[in-house]
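J.: can't give you the sequence, but here's the structure:
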């Protein structure tokens, strides 16, 4: 299981997701460019000391990310997803892809995704914070695939 962030806008969200990544021992990919100055200092402030414990891989752009992941299954978390998180069957080697806070992902990334999944929520609201969504999706994926750290398979 991996989590990937497509051109994130907010350092604080990246820091939170890196903390989630470290706590659950799940690698994180960041697909640049970011909407903030990507620096160790900014991430340390946002992710506290947890960010240093995360397995992080940066990719200069989408094509570099695609090359790096080979044929891995991409699960895009999107408000436009046709499948509910509660009905989606994760696989152990999935990559959970999160779009940028301001724009999500472009159509070509939507089309590349093997699955488009949404988190069911109250219809009066538009979306959740990307870091909250990443945590919810990752927890469900780890639960389904029995990959929570410290638990027997």
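T.: Received, thanks. Here the structure is a predicted model, which means the values were calculated and not measured. Numbers count the residues shown, from 1 in each chain.
J.: from here on, contacts and neighbour counts on C-alpha atoms
T.: Fine.
J.: So which bits of stretch 107-117 are buried?
T.: For stretch 107-117, a neighbour-count test (16 or more other C-alpha atoms under 10 Å) marks 109, 110, 113, 115, 116, 117 as buried.
J.: oh sorry, the question was meant for stretch 98-109
T.: For stretch 98-109, a neighbour-count test (16+ other C-alpha under 10 Å) marks 98, 99, 100, 101, 104, 105, 109 as buried.
J.: now those residues in a markdown table, with secondary structure, distance to residue 53 and pLDDT?
T.: Listed next are these as a markdown table, based on DSSP: H, G, I helix; E, B strand; the rest coil; distance: C-alpha to C-alpha, whole Å; pLDDT from 0 to 100:
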| residue | secondary structure | distance to residue 53 | pLDDT |
| --- | --- | --- | --- |
| 98 | strand | 21 | 98 |
| 99 | coil | 23 | 97 |
| 100 | strand | 23 | 95 |
| 101 | coil | 24 | 93 |
| 104 | strand | 27 | 94 |
| 105 | coil | 27 | 97 |
| 109 | helix | 29 | 96 |
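J.: burial measure for the nearest residue to residue 112 once chain neighbours are set aside, as a count.
T.: Leaving out its chain neighbours, the residue that sits closest to residue 112 by C-alpha to C-alpha, 6 or more residues apart in numbering is residue 74, at 7.8 Å. A count of neighbours around residue 74, defined by other C-alpha atoms under 10 Å, yields 23.
J.: All good on my end, thank you.
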